[in-house]
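Student: pasting the sequence and the predicted model now:
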Amino acid sequence: MAVLLSSGIMKKIKKKLRFKAIPISSPIGMAYFFSFPFWIFVDKNNPPALREIQLREFSIRIYPPFRSAPANYIPMPQINPRSIPSSGIKQNSYPQAFAKSISAVPLLEAQGKAFKFYQTPDFNGDLNFFPMDSIRIDVLSIDDKENAIRTTCREFLDYLRIRTKQWWVGRSMDFIMGFLRNVVPLSDSGILMEPSQSLLQVRTINGDEQALNNDMWLMAVKDMENKSEIPANDYLLLDAYYYAYVNDIRSAVIHAASACEQAKDLAFEHLWKRSGMTDTFKRGKVLSGYDLPDHISQDLESFAGFSYLKLFPDEFRQIEDSWNARGSIAHGGPNVFWRDRKQMQINQDLGIQLVKVADHCIQWLKSL
């Protein structure tokens, strides 16, 4: 039942409430909110939990990633038809032709081979591994920590990236959606004509990426607390995946080869210590030159009895190709390699394959 109150009674109520208002306590810190042009997939069945940790400079409270945008949101904006330049002739405007929005979300549980498309702002609840786009970090200090918390967030994202192998974390999502938004028929005078089409590029992912669960979350928080050092080869490899998927093949080859080279040096150092050597490991004691294929085949076999060539001849051949291309690119040449006296151009699909082989080689080197 609705009750109507006179203005006089309302004024008395407001006055009474004003006198009984509870004073607000002084702030103890600041809450910072980050939103990203990339997704952090979270396991809804084992979600991350709120964590509070002590860093060297201050204490922080890290909240689990959350979703800010609707399902059909993409980081690059839709085209505004009213902003399209014309050739001087009055341009027809079709706002409805550009209002269509669609988003493609990779399904991690489908081994990177499937997508779920969304044309509405709402998710329908069928995603076990949910794409989040925001995070909250509280700084428990009243001092201005804006610059420090920016760095802290960047470092924490790196730890999440390594733990989950979600190599796009910290990067743009253009590897999935591309830059092309719409295509519209055009008259000879430059006027746009209906119908328009909304376009979306779709790329699959590797399939070995993992959704962030509470165990990984706790490990990343511990990494942040301890300022753990991220192995350079792990970081380079994830960068190589990113560059391959955005079709920057030169950078992909350079990063993949460098990751292999660093993993190879670490493997030799590990085997050196395991063999009982008491003096400090130095690369020049067991390796000469900088030929990665030789080092992981004949040199490694002579030193410790392991040979990537003998165990994985097909993969070794691709490591040779990658190393050959790396030499060309590093000296200003094209992204090509020579095989059987033929020059081979590296396109995107081959570039992705070479990065995957580098990943295989690195995991094998780590297992020694």
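Tutor: That came through, no problem.
Student: low-confidence ranges in the stretch 1-150 of the chain?
Tutor: Filtered on pLDDT under 70, the stretch 1-150 of the chain yields the residue ranges 1-27, 74-101, 109-113.
Student: in it, which spans are helices?
Tutor: Taking DSSP state H, counting those that start in this stretch to define them, one finds helices in the stretch 1-150 of the chain at 7-19, 95-98, 146-164.
Student: quick one: the helices in the stretch 251-368 of the chain?
Tutor: Using DSSP H, counting those that start in this stretch, helices in the stretch 251-368 of the chain cover 283-286, 292-294, 300-304, 308-311, 313-330, 348-367.
Student: compute the inter-axis angle for the longest one and helix 313-330.
Tutor: Taking axes from the mean of the first three to the mean of the last three CA atoms, to 10 degrees, one finds that helix 348-367 is oriented at 110 degrees with respect to helix 313-330.
Student: pull out the buried positions in helix 348-367.
Tutor: 350-362, 364-365 (16 or more other CB atoms under 10 Å). From N, CA and C alone the C-beta is placed, and that goes for glycine too.
Student: tell me how far it lies from the chain's centre.
Tutor: Distance of helix 348-367 from the chain centroid (CA atoms, centre = their mean, to the nearest Å) equals 18 Å.
Student: elements contacting that helix?
Tutor: Applying 3 or more CB pairs under 8 Å, 6 or more residues apart in numbering; DSSP states H and E, one finds that helix 348-367 makes contact with helix 232-245, helix 249-274, helix 308-311, helix 313-330.
Student: and for that helix, what are the contacting residues?
Tutor: Residues external to helix 348-367 that are found in contact with it (CB atoms under 8 Å, 6 or more residues apart in numbering): 206, 233, 237, 240-241, 244-245, 247, 249, 252-253, 256-257, 259-260, 263-264, 266-267, 296, 308, 311-312, 315, 318-319, 321-322, 325, 335, 344, 346.
Student: repeat that for the fifth one.
Tutor: If you take CB under 8 Å, 6+ apart as the criterion, helix 313-330 is touched by 250, 253-254, 256-258, 260, 291-293, 296-297, 308-309, 334-339, 344, 346, 353-354, 357-358, 360-361.
Student: can you tell which of the helices and strands packed on helix 348-367 is closest to I62?
Tutor: I62 sits nearest to helix 232-245 of all the helices and strands packed on helix 348-367, at 21.0 Å, using CB to CB.
Student: related to what we said a few turns ago, just put the helices and strands packed on helix 348-367 in TSV and tack on mean pLDDT.
Tutor: Shown next, in TSV, are those (pLDDT from 0 to 100):
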stretch	mean pLDDT
helix 232-245	94
helix 249-274	94
helix 308-311	96
helix 313-330	94
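Student: next, work out how far apart W168 and P106 are.
Tutor: 9 Å (CB to CB, to the nearest Å).
Student: can I get the helices of the stretch 251-368 of the chain in CSV with distance to S141?
Tutor: Shown next, in CSV, are the helices of the stretch 251-368 of the chain (distance: least, CB to CB, whole Å):
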stretch, distance to S141
helix 283-286, 45
helix 292-294, 48
helix 300-304, 51
helix 308-311, 51
helix 313-330, 46
helix 348-367, 39
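Student: what's the straight distance from one end of stretch 335-342 to the other?
Tutor: This stretch, stretch 335-342, spans 14 Å end to end (CA to CA, to the nearest Å).
Student: in that stretch, what counts as buried?
Tutor: By neighbour count with 16+ other CB under 10 Å, stretch 335-342 contains the buried residues 335-337.
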